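Structure for this input, please:
(6 chains)
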There are 6 protein chains.
Amino acid sequence: MTYIRANGRTADALRPLTITRGYTIHAEGSVLICFGNTKVLCTASVEEKVPPHKRGSGEGWVTAEYGMLPRSTHTRSDREAARGKQSGRTQEIQRLIGRSLRAVVDLAKLGERSIVIDCDVIQADGGTRTAAITGAYVALGDAVQGLIAAGKIAVSPIVNPVAAISVGIVEGTPLLDLEYTEDSACDTDMNVVMTGAGHFVEVQGTAEGAAFSRAEMDQLLALADKGIRELIAAQAAALAQPLVKG
Amino acid sequence: MTYIRANGRTADALRPLTITRGYTIHAEGSVLICFGNTKVLCTASVEEKVPPHKRGSGEGWVTAEYGMLPRSTHTRSDREAARGKQSGRTQEIQRLIGRSLRAVVDLAKLGERSIVIDCDVIQADGGTRTAAITGAYVALGDAVQGLIAAGKIAVSPIVNPVAAISVGIVEGTPLLDLEYTEDSACDTDMNVVMTGAGHFVEVQGTAEGAAFSRAEMDQLLALADKGIRELIAAQAAALAQPLVKG
Amino acid sequence: MTYIRANGRTADALRPLTITRGYTIHAEGSVLICFGNTKVLCTASVEEKVPPHKRGSGEGWVTAEYGMLPRSTHTRSDREAARGKQSGRTQEIQRLIGRSLRAVVDLAKLGERSIVIDCDVIQADGGTRTAAITGAYVALGDAVQGLIAAGKIAVSPIVNPVAAISVGIVEGTPLLDLEYTEDSACDTDMNVVMTGAGHFVEVQGTAEGAAFSRAEMDQLLALADKGIRELIAAQAAALAQPLVKG
Amino acid sequence: MTYIRANGRTADALRPLTITRGYTIHAEGSVLICFGNTKVLCTASVEEKVPPHKRGSGEGWVTAEYGMLPRSTHTRSDREAARGKQSGRTQEIQRLIGRSLRAVVDLAKLGERSIVIDCDVIQADGGTRTAAITGAYVALGDAVQGLIAAGKIAVSPIVNPVAAISVGIVEGTPLLDLEYTEDSACDTDMNVVMTGAGHFVEVQGTAEGAAFSRAEMDQLLALADKGIRELIAAQAAALAQPLVKG
Amino acid sequence: MTYIRANGRTADALRPLTITRGYTIHAEGSVLICFGNTKVLCTASVEEKVPPHKRGSGEGWVTAEYGMLPRSTHTRSDREAARGKQSGRTQEIQRLIGRSLRAVVDLAKLGERSIVIDCDVIQADGGTRTAAITGAYVALGDAVQGLIAAGKIAVSPIVNPVAAISVGIVEGTPLLDLEYTEDSACDTDMNVVMTGAGHFVEVQGTAEGAAFSRAEMDQLLALADKGIRELIAAQAAALAQPLVKG
Amino acid sequence: MTYIRANGRTADALRPLTITRGYTIHAEGSVLICFGNTKVLCTASVEEKVPPHKRGSGEGWVTAEYGMLPRSTHTRSDREAARGKQSGRTQEIQRLIGRSLRAVVDLAKLGERSIVIDCDVIQADGGTRTAAITGAYVALGDAVQGLIAAGKIAVSPIVNPVAAISVGIVEGTPLLDLEYTEDSACDTDMNVVMTGAGHFVEVQGTAEGAAFSRAEMDQLLALADKGIRELIAAQAAALAQPLVKG
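Residues are numbered from 1 along each chain as shown, chains lettered A, B, ... in the order given. Next up is the predicted model:
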C-alpha cells in the first residue's frame, strides 16, 4: 500500500518551488527560496579577508552559517543567541552547507577573499537544510557576478551548479522532498547533495526507525537524482533573469 | 538652513509604512512591518507557562527578544549565536520592547500564560527598535484575538495601543523617523514610545554630539507625538482587516 | 495629597551627599560618592592604549564598567563573575555611564590613550547609576589632572562638567533623587544626565505603572535641573580641595 | 594504477583490530578498541534516570559523548574543556554514535534508565568515529549483561549488533578503513554504520575533492559491507570471552 | 644579612590591623578588615536554603566567594564578570576561604540554612586571602549572633575561632604578613590557616624561587603561629564590642 | 589502635608503581603512570612559541593541563567540555602541576619555546594529582631529550628531579599514598611536592575533619619524604631505559 501525500503530490514530486533573487538590498547576493512552506533567506556577503589557514595562500574561502528564527517552527524554540550557544544540529547543518558550496568553487580563482553565506530559516516545514544549500548556490552566483562586474575577478570560480534535496521512506513508500509531517513519520531519511554533472557531493542517510536495505537506498538515490535535476534547472532559470534588488 | 532629506521627504514625515499580518503560518501573531527599507518580522508566541516570579500569581507575562540577521546591515555583523552572547545593544533593545508592551497589557486579565514576542530584523535602515515595538503591538493583538477565539480568555488584556518612533536633530533640523544615514549624522537621537492616549511609556534621548537644550527637546517630542498618532492609526487600520495567514 | 518622604526630606531635596577623593591609593582617580545610603566607588584608570576602532586616530577613549557587590543589596544577588555573564541591566548602565562621560570629553585632546572608569556599588539604596555618573566625573577629573601634572597632556580634555540624578512620581508627587523604597513604589522613573551648561546628555524616562503625561514630564525635568545644578556645585567644591590619597 | 598502502595492506583489508574488555574497573562496560594505531576507550555507564523527554515513558535512553585527548593527534589540539566548548566536529560525532547505538536498542526493554557511552580517543590515526561506534557496541553489551546479572532487566534490549567503518577513494583506488595519511589524501570519504543483518543505520559520504559517481559509491558500499561483517564477527568473539576487569 | 622592611616593621610584626564591623547595612554580617593597605570587605548573608547535596540532611552549609575590584591592584585587572569567567586563582581562593570557615562550624547546629560569605578586595597590597579569612570569621560571627537573637538557633555553631596569615622568605629572611613588594620578591610563600587552639586548618607553601628546606619551613610555621594568635585576639576584641551598623 | 590498609599494605608503603614511557606515539613525551589503580596518562608536547608574557624574553615556558575521563571515577562525572568550563578543582590541580615542573626547569636554558604537559586520568583511585606530577616529570624528561637529540638545545634545562605524593591521617594513623577509600575517610590530607635534593616545592595540607597539630604535621612530612625518595628513584630507573614508542 502506498502513502498518500498532502495536496495530491506524487511520491516523486518536489513541492512548489520559488527562488526570489535580490530579496534584501545590502547583501551581495540575497535569495529567498521556498520549498512549499519552508522558506529560507540565503545571503552571500563578500569580505576582503580570509580565515587564518588561508592567509597568504592566494586562495579564497567560502563558509556558511545557519539559523532558525525562534518561531519559524510549530512551537517556539529557544533563541540560540540567548542560550549562548549553537546546537549540535545547527553546527552540523552549517558545516554541511559550507562543504557543499566549496565543492563547486575553485578557491584559487576566487582570490584571497571570503564569501560568507547566511542561511536563516523564516518558516520551517521540513527540508530546511536542502533548501538552504539550493538557495545558497544562487546567492553565491549573484555575489560572484558582482565581483566580476566590479572587475575584481576575471572569470567565475564556480565550476558546477549544486543543489540538495531530502528523500525518505514513509510507511514503506519512498518519497521525494519530505515535508515536516512526512519527515516526522519516516523510517529512513536521506539528504543528498549533487552537482549538475549528476555526481554526489554529500550523501547522508539515517535510519530513524528500522535500518534500511541496499535496495531501499537505491530507490532513494534515484528519487534524489530526479529532484536535483529539477532544482538545478530552476536555479539556472532564476539566474538567467536580470537581478532586481529589494 | 534646513537639512534636505532623501526622496523629497519632509522633516515631519514618516517613511512609507506597511504592516503585513499573518506573514508566517506557525506563530499566533506574525507581522512584517516596514518603515521604508527597515523590515522587521515580529512574531507573538503564546506559551501556557510563566517565568518563576509569576508562578502561582494568577498573572501572565509578556516578554520580547530581538535579533538582527547577520546581513540585515550594510556590512555583515557577527551572528550573536556564533559569538555565544547577545550584545549590550541587543539586550537593551529587547528589554525596551518588553517594557513597552507590558505597559499596555493588564497581566491579570491575560491569565497565567506568557506571550513571547520575537522581533527579527530582516533588513535594517535605521529605526529598527521603533519598528519592532510598533509591529510587535500588532502581533500581540493577533495573539490575543486567538486566545479570545479559543475561549481561553474572555476579554482582551490590552488596555491601550502603543507605538514608537525615533526623532533627532541633523545639521540643526529636527527630523521624524530617522533613516540610517540620518541616524549616523545626527547630534541628538531620541526614541519615544507612546500610547494611544498620547502619554509616554518611554523617552530615551541621547546626545550623540553636542548636548541638547530644553527647547530642542520640546521640538523633538512634538514631532514624535505627530508620528506616533499616525502609526497608531495605521495599526488600527491593519487590525481592522480579516487575518489571512501565510 | 502629597507623599511624605523619610527623614523629613522635601520633594525637591537631594539626599545627604558626600564625595571622597583619593579613596583608594592605586587608581589615577578614586572617588567614593554617597547619595544617602547609596555608596559607589568610582575609579579612573589611565591606560596607554585605545580600542581597535580608535587605533591610529590620534584620539583617545573613555569607557566605563559597572558592578554591584553581591550583598550591596537588601538580599544577596548572584555574583556576575560566578554566573559567567553580566546582566542586561549591568550592560545598559555601563554603556550609559560611558556615553555620559564621553559627551563632555574632547577625545582628540586626550591623545591616543584610554581612561577606564570602574563604578562598583558598595551599598545600594536607589540611584546607583546616577551616583556612579556623578562620582565618575570627579574621578575622571583627578585622572586628567594627573596626566597634566605628568606632562602627558597640556590642557584638560574635559569641556564641561556632567552629573546625573533620578526623578520620579510616587503616589502623584514628583520627587527628586529617589531612594530604594520610593523607586520601588514609583509610577514613573526618569534618569537625567545634564551638563554644567544645563543641556541634556541623556534623558531616560520609563513608565513603571501608568504612562505619564507631558505635564508630568515637565515637572520631572524641572526637578532634575535643580538637583543637577547642586550636584555640579558639589563636584566643583570637591575638586577645589587638594587631593590626599588613601 | 593502484594506490599502495603502508605495511602491505590490501585495499579491502582492515587494520589490525584488538578489542579489550574490562579495560578500566569502575565503568559497567569498558572497552579499549584499536584499529591499528587508532585507540579509543569506550565506557558504558548505567544511570538510573532518563532525560526529561523520556521521564514517565517507561522507556530508557542511550546517549554518547566523544572527546580526543589533546595530544592524541600529530600536533596538540586545544583541550575543549579549556576552550569552553565542544567543536562542531565533536558534536557531530557524538550525535552519530548515539543514533547508531539507539538504532539497535529496544528502549522499552531497557526500562526507565540511561546508558551513557563515553568514547575518548587515546591515540588518533584516522577512523576514530568508526572505532568508537564499534567499541561502544561492546561496552554497551557488557553494561547490559551487568543489568541482567543484577536482575534489573530480564532480557537484553539489544536487537542487533552494529559496527562502523570508513571507506574512501585515494588516487582513484577505493580503500577500506582509512588511516590518517589516506584520509588526508582522499577525494571521497564515507562512513558507514551497519547492523549484523547487513542493513544501513547511517551512510555519510563526502566529496573532499571531486564529486563522486554512483559507480564509485557502489564500490565503496561493497567494501564497507565486507569490513563491517568482519568487525561484527570480532565483536561477537570478544563478547564470547568471560569478562575480566582492570 | 637581614632584609629591611618598610616603615620600620620587624620581621615578625603584623601590619597595622583594623576590623570594622557593621560596615554596610544590608548584610547580616559586614566587616571591613585592613591588613595595612590591604582592605577587604567581608559580608555574611544568611539564606534559608542549602545546596542540593545538603537538602534534607538537617545540616547547613557555609560557602564563600571572592573577588577583586578591577582597580584594587597597581594596574587595572580585567573585570571577571566582563570576561565571563572567574580565574583559577579566584576559584582557588574562594574554595580555601570556604573550607577554612567550615572547619570551625558545626553544620548540624547551624540547621538547614546557608551562610554565604562574600570577600571583595577594595584595595590590594598582598595577603588578600588571609585578610579575607580573618575578616570572614568576624562577619560569620555577627551573622550567627543575628540568628541566635532572632531565635532561629539556640547555640552558636562556631566551635573555634579561625584566622590566617601569610609568611615567606625574602632575601633569606623569614617574614610575617607579606606586603605586595615582599610577596613579589619572595622565594617561598606560605599561607597558614589556624584555629584558636593552635591547630592547622590549611598549610599551603609554595617555592616561588628555590625549593625550601625543612628548617625554613619550621621557621615559617613559628612566625605564622605568632601572627595568628595576635589576629585571633584582635577578632575577639572586635566581637566584644556592641555592633553598630552603617 | 592502627588503621589496617587493604592488600596488607603498611602505613609507610607506596602502592605498586609502574611508569610506562612511550605509551602513545605522537607526543614528544608520553608516560602512563600507575599508583595502584590510579592511572594517569602524561604527555609532553613541544611547541615553538611562548605565551605573551614570555615573548622576546629568550626564555621558555612549561605549563600543564589536567582532566579526568568522565568514567575514570566510581560514578560518572560530567564531561567538562560539555559543561563548558573546567571546575575549580581542575584549575587548582593543573596550576599546581605547572608550578611544580617550572620549579625544576631553567626556563632560559629551554629557549623561547613551550612544553605543554597534559595529564589525563584514565582511572582514578586517589592521588591523581601526585601521580600526574610524578609522571609529568618523566614525560618532560623525554621531551627534553628529544630537543637535545634534535640539536635544538645543548644541555638539559632540568635542574632537579621532582615528584609528589599524598599523605594523610586516617583513624589516627598517618598513612603514605592514600587510595580513594582512605582519602574519603581521612581527617587530614596533605600533598607534598619535593625535589631530589629533599627540598619542598609545594606543601598543601588540609584538615578535612579536625584541625591537625604540629606533631601530626611532622609525622606526615616524614612519610612524604620517604615516599618521594622512592618515587624519584623509580623515575630515574625508568628514564635509564631506552625509549620505545607505541
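
Now the closest residue to residue A:95 other than its chain neighbours: phi and psi?
Sequence neighbours aside, residue D:88 is the residue nearest to residue A:95 in space, at 5.4 Å (criterion: C-beta to C-beta, 6 or more residues apart in numbering or on different chains). C-beta here means a position set from N, CA and C on the backbone, and glycine is covered the same way. Note on residue D:88: backbone dihedrals following degrees, to the nearest 10 are phi -60, psi -40.

quick one: residue D:88 and residue A:86, what's the gap?
Residue D:88 sits 8 Å away from residue A:86 when distances are taken as C-beta to C-beta, to the nearest Å.

which residues do the two both contact?
Any residue near both residue D:88 and residue A:86 by C-beta atoms under 8 Å, 6 or more residues apart in numbering or on different chains counts here, and that gives residue A:94.

Please work out the average pLDDT along the helix or strand hosting residue A:98.
Per DSSP states H and E: residue A:98 is located in helix A:88-102. With pLDDT averaged residue by residue, helix A:88-102 scores 96.

Just the buried residues of the top helix by length along chain A, please?
Within chain A, and with DSSP state H defining each element, the longest helix by residue count is helix A:214-240. Taking 16 or more other C-beta atoms under 10 Å in any protein chain shown as the neighbour-count basis, helix A:214-240 is seen to contain the buried residues A:216-217, A:220-221, A:223-225, A:227-228, A:230-232, A:234-235, A:238-239.

do the same with stretch A:2-18
If you call a residue buried by 16+ other C-beta under 10 Å, then stretch A:2-18 has these buried ones: A:5, A:9, A:11, A:13-15, A:17.

same thing with stretch A:59-74?
By 16+ other C-beta under 10 Å, the buried positions in stretch A:59-74 come out as A:59-73.

before we move on, back to that, out of the buried residues of helix A:214-240, who's near chain B?
Cross-checking the buried residues of helix A:214-240 against chain B (C-beta under 8 Å from any C-beta of the partner chain) gives no overlapping residues.

Pretty sure residue A:25 sits against residue A:246.
Yes: with contact taken as C-beta atoms under 8 Å, residue A:25 and residue A:246 are classed as touching, separated by 4.1 Å.

In chain A, which residue sits closest to chain F?
residue A:85 (7.7 Å; C-beta to the nearest C-beta).

hang on, that residue packs against residue D:85?
Yes: with contacts defined as C-beta under 8 Å, residue A:85 counts as touching residue D:85 at a distance of 6.5 Å.

which residues of chain A fall in strands?
In order along the chain, chain A carries the following strands (DSSP state E): A:17-21, A:29-35, A:38-47, A:61-68, A:114-123, A:162-170, A:173-176, A:188-195, A:200-207.

Contact partners for residue A:189?
Remark: with contacts taken as C-beta under 8 Å, 6+ apart, residue A:189 is in contact with A:166, A:168, A:178, A:183, A:205-206, A:208.

Excluding covalently adjacent residues, which one is nearest to it?
For residue A:189, ignoring the flanking residues on the chain, the nearest one in space by C-beta to C-beta, 6+ apart is residue A:168 at 4.5 Å.

any chance of the buried residues of stretch A:2-18 in a markdown table, plus distance to residue E:39 and pLDDT?
A markdown table is the format used below for the buried residues of stretch A:2-18 (distance: C-beta to C-beta, whole Å; pLDDT from 0 to 100):
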| residue | distance to residue E:39 | pLDDT |
| --- | --- | --- |
| A:5 | 74 | 96 |
| A:9 | 75 | 97 |
| A:11 | 77 | 96 |
| A:13 | 76 | 98 |
| A:14 | 72 | 98 |
| A:15 | 69 | 98 |
| A:17 | 70 | 98 |
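
Show me the two of those that sit farthest apart.
A:11 and A:17 (17.0 Å; C-beta to C-beta).

how many other residues sit next to residue A:49?
The local packing count at residue A:49 equals 11, with neighbours defined by other C-beta atoms under 10 Å in any protein chain shown.

is it true that it touches residue A:115?
No: counting by C-beta under 8 Å, no contact exists between residue A:49 and residue A:115, whose distance comes to 11.5 Å.

Just give the closest residue to residue A:216, not the sequence neighbours.
In space, not counting the residues next to it along the chain, residue A:216 is nearest to residue A:169; the distance is 6.0 Å by C-beta to C-beta, 6+ apart.

still on that earlier bit, most widely separated two among the contacts of residue A:189?
Going by C-beta to C-beta, the pair spanning the contacts of residue A:189 furthest: A:183 and A:205, at 13.7 Å.

In terms of neighbours, single out the busier of these two.
Under the neighbour definition other C-beta under 10 Å, residue A:183 and residue A:205 were set side by side, and residue A:205 has more, 24 against 17.

how deep is the residue lying closest to residue A:12 once chain neighbours are set aside tucked in, by neighbour count?
In space, and not counting its chain neighbours, residue A:12 is closest to residue A:176: 5.1 Å by C-beta to C-beta, 6+ apart. When counting by other C-beta under 10 Å, one arrives at 25 neighbours for residue A:176.

Please determine how far the residue lying closest to residue A:171 once chain neighbours are set aside is located from chain E.
Distances taken as C-beta to C-beta, 6+ apart put residue A:3 closest to residue A:171, at 4.5 Å, once the chain neighbours are dropped. Separation of residue A:3 from chain E (C-beta to the nearest C-beta, to the nearest Å) stands at 49 Å.

same check, this time on residue A:150
Taking C-beta to the nearest C-beta as the criterion, residue A:150 is separated from chain E by 40 Å.

pLDDT at that residue, what is it?
On pLDDT, residue A:150 comes in at 97.

Tell me how many other residues surround it.
For residue A:150, the count of nearby residues is 10 (other C-beta under 10 Å).

What residues does it make contact with?
For residue A:150, no contacting residues are found, by C-beta under 8 Å, 6+ apart.

could you redo the last one with a cut-off of 10 Å?
The contact partners of residue A:150, taken as C-beta atoms under 10 Å, 6 or more residues apart in numbering or on different chains, are A:28, A:46.

Please report how far it lies from residue A:245.
Between residue A:150 and residue A:245 the distance is 15 Å, computed by C-beta to C-beta.

just residue A:108 next, same as before
Distance, residue A:108 to residue A:245, by C-beta to C-beta: 30 Å.

that older thread, would you agree the residue nearest to residue A:189 is in contact with residue A:208?
Yes: at 8.3 Å, residue A:168 counts as touching residue A:208 under the criterion of C-beta atoms under 10 Å.

Overlap in contacts, these two.
With contacts taken as C-beta under 10 Å, 6+ apart, residue A:168 and residue A:208 have A:183, A:185-189 as neighbours in common.
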